[in-house]
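Chemist: return a 3D structure for these sequence lines:
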Amino acid sequence: MSAGFDIVNRTRASIPRARFRAVKDAVLGPDYRLDLVFTGSAEIRKLNLTYRNKDRATDILSFPLSKTEGEIFISPAEARKEARRFGRAYPSFIVFLFIHGCFHLKGYDHGATMERMEARIRKAFGA
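Modeler: Below you'll find the predicted structure:
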């Protein structure tokens, strides 16, 4: 039995259809409770300032609430800008960001180990 997984879109942006639950289960396990929130640039900027002391909008933020529960916030507007900057298609970039956020929730920091693990999941899910 899979733990809860909710996706909330607080924007008017179209969210790419993706296998978010399958990615979540592959990275965090089926018992992990996760909320994925798509939000606007203003809200993600406020969250970034409040929790990271960075006064700018970003494309993704991950918040572990416990060992078995967390939240990921993605700004579609910021993700579109970053996808263009990296020459990536928006739909696959959203999945890439989600995978990245899941690994942060799992406790990984940026580095070679995290990149190797992300690459394996990206390949499996076409991101």
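Chemist: which helices and strands does the helix ranked longest in the chain pack with?
Modeler: In terms of residue count, the longest helix belonging to the chain (DSSP state H) is helix 90-105. Secondary-structure packing of helix 90-105 (3 or more CB pairs under 8 Å, 6 or more residues apart in numbering; DSSP states H and E): helix 20-28, strand 33-38, strand 60-66, strand 69-74, helix 76-85, helix 112-125. Heads up, the C-betas are built off the backbone N, CA and C, glycines and all.
Chemist: output the ones you listed as a markdown table; include the columns mean neighbour count, mean pLDDT and distance to R10.
Modeler: Putting the helices and strands packed on helix 90-105 into a markdown table (neighbours: other CB atoms under 10 Å; pLDDT from 0 to 100; distance: least, CB to CB, whole Å) gives the following:
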| stretch | mean neighbour count | mean pLDDT | distance to R10 |
| --- | --- | --- | --- |
| helix 20-28 | 19 | 94 | 16 |
| strand 33-38 | 20 | 96 | 6 |
| strand 60-66 | 15 | 95 | 14 |
| strand 69-74 | 21 | 97 | 9 |
| helix 76-85 | 17 | 95 | 10 |
| helix 112-125 | 14 | 88 | 24 |
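Chemist: ok, which of these comes nearest H104?
Modeler: strand 60-66 (4.2 Å; CB to CB).
Chemist: and the gap between the most centrally placed residue in the chain and N53?
Modeler: Nearest to the mean C-alpha position of the chain, counting by CA atoms, centre = their mean, stands F98 at 2.9 Å. From F98 across to N53, the span is 24 Å (CB to CB, to the nearest Å).
Chemist: what of F73?
Modeler: F73 is 16 Å from N53, by CB to CB.
Chemist: check D35 too.
Modeler: Counting by CB to CB - D35 and N53 are separated by 23 Å.
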